[in-house]
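Participant: no sequence for this one, just the structure:
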């Protein structure tokens, strides 16, 4: 089987990670894996793991991208994949037009994955116009069925994203050397009860809620300290400055630490006593919440989107009604006073995600043979 995946770029993020994971599983299964993108720092890894990459400027939300339709058609005709799997809207539109120029009997099968709650419009509808539409959670299934009535329910396939439990083993502890190094960089963290808010610095992640929570906790729990794990894009510097000013004005300078961008998320999740998920908008999946639970750290989060699905399956005591600050405060106090045990995670595995995806590819091919 020959599968071609298309996405804008290969730098970082959930879509990129999922593309590499499926590519790796295809190669391991003896299949041929092709990826088309505008390139990026993950290309070297992709190729080292056995996939073929072709660079094409399919990343810009611009009319100029229409110039890529003919080159894309040529690549599809050259490689003749059995399956074309689109993971983003611009590549999906370009693929839509490219396939039109290929005779029906020579066209590959088309599969899409809806990774996000896109704005509801004709531009986004292209993600639901494939033979099979993969939704990364039940929340995404509902989003599709609510907003895109032309997409038959039988063509929507829920395949949860997954993580490798070996990469986030239950009970994982960072090395003493790593911990000592962090205490050298951030001495204020030593001997503290650490509450972690992971994620990039944007207005969507709930930083204001975290600040308010720490302000309320400090009188009764002087050892509580918050760590914000995630970097700020240069465009978000004004927002980071705004957060820093709020923290300063409320006298919390020694209570909240921004550790910046890191590739050591596993270590920070394991070092923390609680991980929070406070996004202002529903997340389609909630990978970081799953990673935290996988290493054994309790997660407290709003009851919506993919995070709610993960918590209801794995740690229901961490579910809090959306925007109920009082319930959040009480839940955190409960966890401080009575540390909770998290059971080993046996669902949402990477192997399962890869197996289900490749099984769907095969199903589409086999179904066609029966016609």
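Facilitator: Nice, I can see it. In this text, all values refer to a predicted model and were calculated from it rather than measured experimentally.
Participant: Summarise which helices and strands the longest helix along the chain is packed against.
Facilitator: Criterion DSSP state H: the longest helix present in the chain is helix 350-370. Using 3 or more C-beta pairs under 8 Å, 6 or more residues apart in numbering; DSSP states H and E, the elements in contact with helix 350-370 are helix 14-28, strand 83-86, strand 109-114, strand 132-135. C-beta here means a position set from N, CA and C on the backbone, and glycine is covered the same way.
Participant: what comes up buried for stretch 46-59?
Facilitator: For stretch 46-59, a neighbour-count test (16 or more other C-beta atoms under 10 Å) marks 46, 51, 53, 54, 56, 57, 58, 59 as buried.
Participant: no wait, stretch 193-201
Facilitator: Buried positions in stretch 193-201, judged by neighbour count with 16+ other C-beta under 10 Å: 193, 194, 195, 196, 197, 198, 199, 201.
Participant: So which residues make contact with the helix or strand hosting residue 142?
Facilitator: According to DSSP states H and E, residue 142 maps onto helix 138-147. For helix 138-147, contacts defined as C-beta atoms under 8 Å, 6 or more residues apart in numbering pick out 114, 117, 120, 128, 133, 135, 151, 153, 156, 158, 282, 284, 304-306, 308-309.
Participant: Sitting in helices, which of those residues do you find?
Facilitator: Members of the contacts of helix 138-147 lying in helices (criterion: DSSP H): 305, 306, 308, 309.
Participant: Count the neighbours of the third one for me.
Facilitator: In this case it means residue 308. The local packing of residue 308 (other C-beta atoms under 10 Å) involves 25 other residues.
Participant: so it sits right up against residue 319, yeah?
Facilitator: Yes: using C-beta atoms under 8 Å, residue 308 is in contact with residue 319, at 6.4 Å.
Participant: before we move on, the earlier item: can you put the buried residues of stretch 193-201 in TSV and add distance to residue 187 and secondary structure?
Facilitator: Converted to TSV, the buried residues of stretch 193-201 look like this (distance: C-beta to C-beta, whole Å; DSSP: H, G, I helix; E, B strand; the rest coil):
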residue	distance to residue 187	secondary structure
193	16	strand
194	14	strand
195	18	strand
196	18	strand
197	20	strand
198	22	strand
199	24	coil
201	23	coil
